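Trainee: Here's a sequence, model it:
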Amino acid sequence: MFPHFVKVLEQKLRAPLPGFEAHKVMMPHLRNPERYQLQDKSKARNGGVLILLYPDEGKIMLPLMKRPDYDGVHGGQVSFPGGKKEDGDKDLVETALREANEEVGVDISKVTIIGTLSEFYLSASNFNVLPVVGFVNEKPNFVPEPVEVEQILETELRHLQKTETRKETELLIRNAYKLKTPYFDVQGHVVWGATAMMLSELLAVIEEIDFR
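Mentor: Residues are numbered from 1 along each chain as shown. Below you'll find the model as predicted:
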């Protein structure tokens, strides 16, 4: 099942991607959602995140991580392993792999990259982020970096597809304003914002793949 799934997914990632149309499904409720496409990204920093698929007891899984609470725009949020491009990274694929190794202990020598999702702009931190999709053939031995990672959330892909996993809530942002947003309920954690929108595109891409 898993080899077939990644083979078909690799083919689909080479085709035109749903991009913004898939992102909108999990986008916070804004008066003008198109502003995500209209913002000036010319001075944005570049980063990469890794969407790492792996088999575990007949299930297809991916890791998310909860960041510790800190005084920053992404403090306490759930995200993919990833971060900003450093001078030594040859490209954003290498950035995503390096960060996954540093943050959750992924052995990057075992990772096969099969493509990318649509580049995503995070206005809150002024980052252009490339979601890199890869896989390993067995469950990784995750080791969370204690300063950057509070908890690793091993997440079943089928769980994300379930209607009851997608919910809506109102969040208090920076103790200043309230924001209504859809989210994925993952082990009781609210997965919203950029991570939820990237997951929405992944789910749109795999929608027609039979991986039972």
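
Trainee: contacts, neighbours, all on C-alpha from now
Mentor: Fine.

Trainee: Would you state the strands of the protein in chain order?
Mentor: 45-56, 59-66, 78-79, 82-84, 112-116, 120-122, 127-135, 151-156, 166-173, 177-186, 189-191 (DSSP state E).

Trainee: Now render the ones you listed as JSON lines, adding mean pLDDT and mean neighbour count.
Mentor: As requested, those are arranged in JSON lines below (pLDDT from 0 to 100; neighbours: other C-alpha atoms under 10 Å):
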{"stretch": "strand 45-56", "mean pLDDT": "97", "mean neighbour count": "23"}
{"stretch": "strand 59-66", "mean pLDDT": "98", "mean neighbour count": "21"}
{"stretch": "strand 78-79", "mean pLDDT": "96", "mean neighbour count": "24"}
{"stretch": "strand 82-84", "mean pLDDT": "95", "mean neighbour count": "22"}
{"stretch": "strand 112-116", "mean pLDDT": "98", "mean neighbour count": "17"}
{"stretch": "strand 120-122", "mean pLDDT": "90", "mean neighbour count": "20"}
{"stretch": "strand 127-135", "mean pLDDT": "96", "mean neighbour count": "23"}
{"stretch": "strand 151-156", "mean pLDDT": "98", "mean neighbour count": "18"}
{"stretch": "strand 166-173", "mean pLDDT": "90", "mean neighbour count": "13"}
{"stretch": "strand 177-186", "mean pLDDT": "92", "mean neighbour count": "17"}
{"stretch": "strand 189-191", "mean pLDDT": "96", "mean neighbour count": "19"}
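
Trainee: Make TSV out of those and add distance to G105.
Mentor: TSV is the format used below for the strands of the chain (distance: least, C-alpha to C-alpha, whole Å):
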stretch	distance to G105
strand 45-56	12
strand 59-66	11
strand 78-79	15
strand 82-84	12
strand 112-116	16
strand 120-122	24
strand 127-135	15
strand 151-156	11
strand 166-173	29
strand 177-186	21
strand 189-191	22
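
Trainee: Between those, which one is closest to T95.
Mentor: The closest of the strands of the chain to T95 is strand 45-56. By C-alpha to C-alpha, the value is 5.6 Å.

Trainee: elements contacting the closest one?
Mentor: Contacts defined by 3 or more C-alpha pairs under 8 Å, 6 or more residues apart in numbering; DSSP states H and E place strand 45-56 against strand 59-66, strand 82-84, helix 92-104, strand 127-135.

Trainee: Using CSV, lay out the ones you listed together with distance to V6.
Mentor: As requested, the helices and strands packed on strand 45-56 are exported to CSV (distance: least, C-alpha to C-alpha, whole Å):
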stretch, distance to V6
strand 59-66, 10
strand 82-84, 21
helix 92-104, 18
strand 127-135, 8
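
Trainee: quick one, which of those is nearest to E208?
Mentor: Using C-alpha to C-alpha, those put strand 59-66 closest to E208, at 15.4 Å.

Trainee: Only alpha carbons, please: show the closest one as PDB.
Mentor: Only the C-alpha atoms of strand 59-66 are listed here, as PDB (Å, rounded to 0.1, in the frame of the first residue of the first chain):
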ATOM      1  CA  LYS A  59      -1.300   3.500   8.500                       C
ATOM      2  CA  ILE A  60       0.300   6.400   6.600                       C
ATOM      3  CA  MET A  61       1.600   9.000   9.100                       C
ATOM      4  CA  LEU A  62       3.300  12.400   9.200                       C
ATOM      5  CA  PRO A  63       4.800  14.300  12.000                       C
ATOM      6  CA  LEU A  64       3.700  17.700  13.300                       C
ATOM      7  CA  MET A  65       5.300  19.400  16.200                       C
ATOM      8  CA  LYS A  66       4.000  21.800  18.900                       C
END
